[in-house]
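>>> model this:
(2 chains)
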Amino acid sequence: MAGDEIQALADTFDYMAVSLQEHIEGLQTAQKILTRQQQLLRTMLDMTPDLVSLQDAHLVYQAVNQSFLEYFGFRPEQVIGRTDVDIFPPGVAAAIRQEDLAILRTGQPLRKEVVIPRQNQKHWFHMVKVPIIDEERTVGLLLTARDITELKLYQEKLIQAVKMEELGKLAGGVAHEINTPLGIILGYAQMLLEDLPQDEESYEFIQIIEKQVKICRRIVADLLSFSRISEGSKELLDVNASLREVVQLIDHIFQQHWVHIDLALTPELPAVEGDREKLRQVWLNLLNNAFEAIGQGGTIWVRTDLCPSGQHILVSVADTGSGISPEHLPRVFDPFFSTKAPGVGTGLGLAVSYGIIQEHQGNIFVVSPRPAGYPVAPGSEPKGAGPGALFVVKLPRAGQVLMADDCENSLLHPEAAKLLSEAQGGRHGAHHGLG
Amino acid sequence: MGRIMVLDDVPDAGIMIKRILERRGHQVAVFTDEEEALQHARSQGVDVAILDIRLKKMSGVDVLEELKKISPQIQVIMLTGYPTLETARQSKEWGAYDYCIKPIDKDELEEKVAGALAAKTG
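Sure thing, here's the model as predicted:
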């Protein structure tokens, strides 16, 4: 081989080496970009509060984000490479599998609102499942689920408020229309009583008519106060004093049935502007309701609190009674809704209370069963305590420019409130970190 | 015994009140129309007027004011469907003698009419 040829060969090798080097560098750069983008994607997925998961065509988990792991309390290795059957209870897993297979088969995405239970909590999610298509073949399933529990709670509250408003109008209208004929019946019955000798049977019958009309009159008056047509007189009131008065009134009757009232009032609460008689009626209704739910032997806890905002006062009445079933819960404030035997109650007590509290620009809420650990620690509950119920009345303090707060949630949904404050704390932390 | 005027937009309700009060020897005229009632008060004279707060054209309070213009001596009892202290306070402020809550109780009505008549003569 001539020297020239060797030289040319060497040059070619050099050239090849250089271009190979460049090629490798290019690849390394691409690799770095890819890695960085992967990390970015990973970070983004882990930062989103939505639950995100990716499964392959056999529904084996390929990837899940931080929110997914946190919500279910899994570590990555408990999920990745496994299927729903391995990680969820059999019934749940089977249902999810059915749904997922249908999506893979049809290629149709699925959107729905679902309750995904976790321990003893119920969270609402808006869930989207989309098939992943690669070269006209379904290769996997992407799930995102957004927690809409809070939205649902507000929605329920709104629907409830609108419903009560409508019912109130209807009840008020009916009550008003009924009052006139009722008055006419009463008037003539009373005139007949004047005319008839008292020893006649007819006299007795008319007396019964008069008595029954007076019962109707009582019901109509209750309906009117529920519908907020009536306006009472407002004055500055001490909620604690108002509660004490009512408790004093009924305590000895309750004691006879071994029902104990545990009163713990936060001292020096700001005054509320209210109708003395009507608020007493609310406390009486709530206490009576608790008493009837207990029957014999139990505890009623009465608490007052000031919201951290200082704008609202909370009155809570919790009991160890039989509780309210989930299907009855949305209806407890409806007029004439009663689970008591016919004739025992008119079913207006809570409806009237609702109307009165609305009239005071307040709100009334109920949860059942009583939230765990409220108002006493789980261990120190009285023996034989039932699931019970918790009623919370929220009243604005007198004479303040009002701002909205939802501090009642800390009593009604202590777990959710705790999570919320933790989340907010976390956000604040991140903010400080950046600053 | 007095000259009583009843103004209620439900005829049967007014007639029932008339029957109750006639038994006590009062002379009672019943109206469903505001203008006719005021005309009666002007031409015939009235001791006690019983007025529903809710009427067809005017409110009971407007009729009350008109009656007081005709004669400040006319005693007025308002009829209200809303049992509230607010109504009571307002009725008195507007110059009514008293008020009755519907559905009306016979004994209460009789007592208040007697009281109003006594207030007029006294």
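>>> from chain B, which residue is nearest to chain A?
residue B:103 (3.2 Å; C-beta to the nearest C-beta). Placement of C-beta: from N, CA and C, glycine included.
>>> Contact partners for that residue?
Going by C-beta atoms under 8 Å, 6 or more residues apart in numbering or on different chains, residue B:103 touches A:179-180, A:182-187, A:213, A:217, A:220.
>>> can you list these in a markdown table and add pLDDT, neighbour count and distance to residue A:157?
Below are the contacts of residue B:103 laid out as a markdown table (pLDDT from 0 to 100; neighbours: other C-beta atoms under 10 Å in any protein chain shown; distance: C-beta to C-beta, whole Å):
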| residue | pLDDT | neighbour count | distance to residue A:157 |
| --- | --- | --- | --- |
| A:179 | 86 | 24 | 32 |
| A:180 | 87 | 19 | 36 |
| A:182 | 92 | 20 | 35 |
| A:183 | 92 | 26 | 38 |
| A:184 | 94 | 20 | 42 |
| A:185 | 95 | 16 | 41 |
| A:186 | 94 | 22 | 40 |
| A:187 | 94 | 23 | 44 |
| A:213 | 93 | 19 | 38 |
| A:217 | 86 | 20 | 34 |
| A:220 | 83 | 23 | 29 |
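>>> Most widely separated two among the residues you listed?
A:187 and A:220 (15.6 Å; C-beta to C-beta).
>>> Lowest mean pLDDT among the helices and strands of chain B, which one is it?
Across the helices and strands of chain B, the lowest-confidence element by mean pLDDT, DSSP states H and E is helix B:85-93, at a mean of 68.
>>> Which other helices and strands does the longest helix seen in chain B contact?
Longest helix of chain B, by residue count under DSSP state H: helix B:106-121. If contacts are counted by 3 or more C-beta pairs under 8 Å, 6 or more residues apart in numbering or on different chains; DSSP states H and E, helix B:106-121 sits against helix A:149-195, helix B:11-23, strand B:48-52, strand B:75-80, strand B:98-101.
>>> Deepest in the core, which of those is it.
strand B:48-52 (a mean of 27; mean count of other C-beta atoms under 10 Å in any protein chain shown).
>>> How far does the next helix or strand after it sit from its chain's centre?
Once the chain leaves strand B:48-52, the next helix or strand it forms, by DSSP states H and E, is helix B:60-70. Its chain's C-alpha centre and that of helix B:60-70 lie 11 Å apart, by C-alpha atoms, centre = their mean, to the nearest Å.
>>> by how many degrees do helix B:60-70 and strand B:48-52 diverge?
Per axes from the mean of the first three to the mean of the last three C-alpha atoms, to 10 degrees, the angle that helix B:60-70 makes with strand B:48-52 is 160 degrees.
>>> What's the mean pLDDT across helix B:60-70?
Average pLDDT, helix B:60-70: 90.
>>> which residues touch that helix?
Counting by C-beta under 8 Å, 6+ apart, B:7, B:34, B:37-38, B:41-42, B:46, B:49, B:51-55, B:74, B:76, B:78-79, B:90, B:94-96 sit against helix B:60-70.
>>> before we move on, what about stretch A:126-140?
So stretch A:126-140 is contacted by A:54-57, A:62, A:99-100, A:103-104, A:107-114, A:141-146, A:148 (C-beta under 8 Å, 6+ apart).
>>> Span of it from start to end?
20 Å (C-alpha to C-alpha, to the nearest Å).
>>> Would you mind listing the buried residues in it?
For stretch A:126-140, burial by neighbour count (16 or more other C-beta atoms under 10 Å in any protein chain shown) applies to A:126-127, A:129-131, A:140.
>>> Stretch A:296-310 too?
For stretch A:296-310, by 16+ other C-beta under 10 Å, it's A:298-307.
>>> From those residues, pick the one nearest residue A:71.
residue A:307 (29.2 Å).
>>> For that closest one, which residues are in contact?
Residue A:307 touches A:313-314, A:394, A:405, A:407-408, counting by C-beta under 8 Å, 6+ apart.
>>> In three-state terms, label residue A:108 for me.
Under DSSP: H, G, I helix; E, B strand; the rest coil, residue A:108 falls in the coil class.
>>> For it, what are phi and psi?
In terms of degrees, to the nearest 10, the main-chain angles of residue A:108 are phi -90, psi 130.
>>> Tell me the pLDDT of the residue nearest the centre of chain B.
With distances taken as C-alpha atoms, centre = their mean, residue B:50 lies nearest the centre of chain B, 1.0 Å away. Residue B:50 carries a pLDDT value of 96.
>>> which residues touch it?
B:4-8, B:17, B:76-77, B:79, B:100, B:113.
>>> Can you give me every residue that contacts residue 57?
You didn't say which chain, so I picked chain A. Counting by C-beta under 8 Å, 6+ apart, residue A:57 touches A:104, A:138-140.
>>> To clarify, I was referring to chain B.
Contacts of residue B:57 by C-beta under 8 Å, 6+ apart are B:33-35.
>>> For residue A:369, see how far away the residue lying closest to residue A:372 once chain neighbours are set aside is.
Using C-beta to C-beta, 6 or more residues apart in numbering or on different chains and skipping residues adjacent in sequence, the residue nearest residue A:372 is residue A:378, 5.7 Å away. From residue A:378 across to residue A:369, the span is 12 Å (C-beta to C-beta, to the nearest Å).
>>> ok, these two, which is more surrounded?
Legend: neighbour count by other C-beta atoms under 10 Å in any protein chain shown for residue A:378 and residue A:369, higher for residue A:369 (15 against 8).
>>> The more buried one touches residue A:387, doesn't it?
Yes: counting by C-beta atoms under 8 Å, residue A:369 touches residue A:387, with 3.4 Å between them.
>>> Overlap of the contact sets of these two?
residue A:323.
>>> residue ranges with poor pLDDT in the stretch 251-400 of chain A?
Within the stretch 251-400 of chain A, the stretches with pLDDT under 70 are A:340-347, A:400.
>>> Residues of it that sit close to chain B?
Within the stretch 251-400 of chain A, no position is near chain B by C-beta under 8 Å from any C-beta of the partner chain.
>>> Can you list the residue ranges for strands in the stretch 251-400 of chain A?
Using DSSP state E, counting those that start in this stretch, the strands of the stretch 251-400 of chain A run over A:259-265, A:272-274, A:298-306, A:312-319, A:363-367, A:390-396.
>>> out of those, deepest packed?
strand A:312-319 (a mean of 25).
>>> CA atoms of it as CSV?
C-alpha atoms of strand A:312-319 as CSV (Å, rounded to 0.1, in the frame of the first residue of the first chain):
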residue,chain,number,x,y,z
HIS,A,312,-70.0,33.9,63.6
ILE,A,313,-71.1,32.0,66.6
LEU,A,314,-71.6,28.3,66.4
VAL,A,315,-74.1,26.4,68.6
SER,A,316,-73.8,22.7,68.4
VAL,A,317,-76.1,20.0,69.8
ALA,A,318,-74.8,16.4,69.6
ASP,A,319,-76.5,13.3,71.0
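>>> Many thanks, I have nothing further to ask.
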